[in-house]
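**Q** heads up, no residue letters with this:
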Ligand SMILES: Cc1cc2nc3c(=O)[nH]c(=O)nc-3n(C[C@H](O)[C@H](O)[C@H](O)COP(=O)(O)OP(=O)(O)OC[C@H]3O[C@@H](n4cnc5c(N)ncnc54)[C@H](O)[C@@H]3O)c2cc1C
């Protein structure tokens with residue numbers, strides 16, 4: 001098979017990329033490993049999606065349906081139930097019920113999303129009973145399969161998925177005894193703390209972690225302790241919760257295993273490093289969505305997907321794209337995306353601070369912007385006008401406390 005732009009992943013990023021590439025008049029193929037497109041949106045039945053992009057508050061499946069409808073208006077070859085196994089020199093190998101296929105392309109948009117940190121990665125001492133799930137798995141159980149994971153649950157990690165699942169479990173009749181967070185501040189958006197915990201009187205235990213899990217076959221007890229500044233448990237602060245379910249919401253990791261051996265990764269996000277037009281260190285490989293950086297909002301994922309799709313199409317048509325100028329993280333910057341600036345398009349910076357900061361000045365090139373109440377859990381999204389970036393052959397983003 002042969003195509004011009006091959007999009008890998010049919011979530012918001014992949015669908016946005018495919019639509020924008022098709023608008024450029026090239027042949028577009030989208031590969032999705034699940035039976036339908038939509039990605040993580042399909043299981044997020046709460047509202048809070050689309051305020052920026054569709055100017056309306058939608059649920060995840062509604063947002064996905066809107067994109068699918070637009071996708072259907074273009075002549076795009078959407079292939080579901082097809083898993084990409086290898087990417088090599090503008091060729092990909094896919095596996096589906098029809099067997100193994102090789103597809104040749106002029107450019108690729110890599111939009112495989114993110115995965116959750118598993119229990120094994122947390123290295124919690126104790127038994128290994130059933131009843132320990134990641135938040136995304138619990139979400140799929142309840143929202144897609146109509147099954148409850150247990151009766152009494154504790155949540156480890158106050159990331160957005162964990163907070164949303166605390167509310168969802170409560171609404172479904174599960175007793176949620178608390179959310180445990182090792183940092184001294186919550187990991188999720190402030191609106192989710194209010195709407196998912198405070199509104200339901202679910203306690204949030206900050207500067208705390210799970211130090212032991214107990215249970216023969218099914219989970220019976222979880223021991224939680226306070227931690228010091230180095231995250232070491234403080235002896236004597238242990239508290240035991242009798243629960244049959246432990247839900248892990250310890251963060252998302254961009255899925256990059258298909259590209260990590262030949263493309264540069266963004267050390268601050270763990271994702272594929274890309275420029276503001278989505279181009280990676282390999283000129284024919286573009287990236288978008290959670291496989292480049294874990295975004296707060298799907299609207300940004302779609303917008304950046306469209307950008308990557310458009311420029312992947314221009315590359316496929318043989319247009320010469322501008323040189324990329326590196327963008328480095330400076331003071332107080334924990335996550336930074338994109339990692340290069342190309343004059344072919346405007347620059348939007350997506351960044352997270354390394355600690356809570358009350359008032360700060362964000363500096364890049366000749367641009368300065370005062371920001372207040374910055375939290376590591378909330379992404380800072382900022383458009384930087386091109387005139388402030390002229391004359392630089394290297395840029396740095398720093399967030400200075402004032
Ligand atoms: C629980 C939860 C709640 C959220 N709440 C909100 C909210 O309220 N508001 C909001 O704006 N945003 C929210 N978000 C964020 C938003 O949903 C995501 O940022 C966005 O949907 C991610 O899109 P994506 O395309 O990057 O990734 P995904 O949706 O993960 O899509 C990636 C796709 O790639 C496919 N894929 C992966 N590997 C392969 C392969 N090898 N071959 C073929 N296909 C592959 C996957 O099957 C998947 O369909 C939430 C996210 C989660 C998880």
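**A** Arrived safely. Computed from a predicted model, the values in this text were never measured in an experiment.
**Q** Check the spacing between residue 166 and residue 176 real quick.
**A** Noted for residue 166: a distance of 5 Å to residue 176, by Cβ to Cβ, to the nearest Å. Just so you know, the C-beta spots here come from the backbone N, C-alpha and C atoms, and that holds for glycine as well.
**Q** got it, and residue 206?
**A** Taking Cβ to Cβ, one finds residue 206 at 16 Å from residue 176.
**Q** what's the answer for residue 247, then?
**A** In terms of Cβ to Cβ, residue 247 sits 9 Å off from residue 176.
**Q** Those two: which is more packed in?
**A** residue 247 (29 against 24; other Cβ atoms under 10 Å).
**Q** Each with direction, which strands does the helix or strand where that one lies pair with?
**A** Assessed by DSSP states H and E, residue 247 sits inside strand 245-248. Partners of strand 245-248 in the sheet, by DSSP bridges, are strand 132-134 (parallel), strand 152-156 (parallel).
**Q** Now tell me what touches the next helix or strand after the longest one from outside.
**A** Read it as strand 152-156. Next helix or strand after strand 152-156 toward the C-terminus (DSSP H and E): helix 160-171. Residues outside helix 160-171 that contact it (Cβ atoms under 8 Å, 6 or more residues apart in numbering) are 44, 46, 116, 135-136, 138-139, 142-143, 148-149, 153, 155-156, 176, 179, 186-189, 192-193, 195-197, 199-200, 202, 247-249, 252, 296.
**Q** mind listing which of the residues you listed are in strands?
**A** Among the contacts of helix 160-171, DSSP state E puts 116, 153, 155-156, 176, 179, 247-248, 252 in strands.
**Q** Tell me how far stretch 227-241 lies from the chain's centre.
**A** 30 Å (Cα atoms, centre = their mean, to the nearest Å).
**Q** what's the span of it, first residue to last?
**A** 17 Å (Cα to Cα, to the nearest Å).
**Q** likewise stretch 235-250?
**A** 23 Å.
**Q** That one near the ligand at all?
**A** No - residues of stretch 235-250 contacting the ligand under Cβ under 6 Å from any ligand atom: none, with a closest distance of 8.8 Å.
**Q** Work out for me the element the residue nearest to residue 207 when sequence neighbours are not counted sits within.
**A** Closest residue to residue 207 in three dimensions, ignoring its sequence neighbours and counting by Cβ to Cβ, 6 or more residues apart in numbering: residue 184, at 4.9 Å. Following DSSP H and E, one finds residue 184 outside all helices and strands.
**Q** Residue 321 too?
**A** Counting by DSSP H and E, residue 321 is part of no helix or strand.
**Q** Show the contacting residues for it.
**A** Per Cβ under 8 Å, 6+ apart, neighbours of residue 321: 277, 279, 283, 311, 314-315, 342, 344.
**Q** what domains does the record give for the protein?
**A** The record's domain parsing of the chain by automatic domain parsing lists 1-115+252-321, 118-250, 323-402.
**Q** Could I get the ones you listed in a markdown table, plus columns for mean pLDDT?
**A** Listed next are the domains of the chain as a markdown table, based on pLDDT from 0 to 100:
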| stretch | mean pLDDT |
| --- | --- |
| domain 1-115+252-321 | 97 |
| domain 118-250 | 95 |
| domain 323-402 | 97 |
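**Q** which one of those domains has the most crowded surroundings?
**A** The highest average neighbour count among those, using mean count of other Cβ atoms under 10 Å, belongs to domain 1-115+252-321 at a mean of 21.
**Q** Could you see whether the ligand lies near it?
**A** Yes - against the ligand, domain 1-115+252-321 shows contacts by Cβ under 6 Å from any ligand atom at 8-14, 31-34, 39-41, 44, 48-49, 83-84, 111-113, 255, 289-290, 295, 297-299, 301.
**Q** how far out from the middle of the chain is that domain?
**A** 13 Å.
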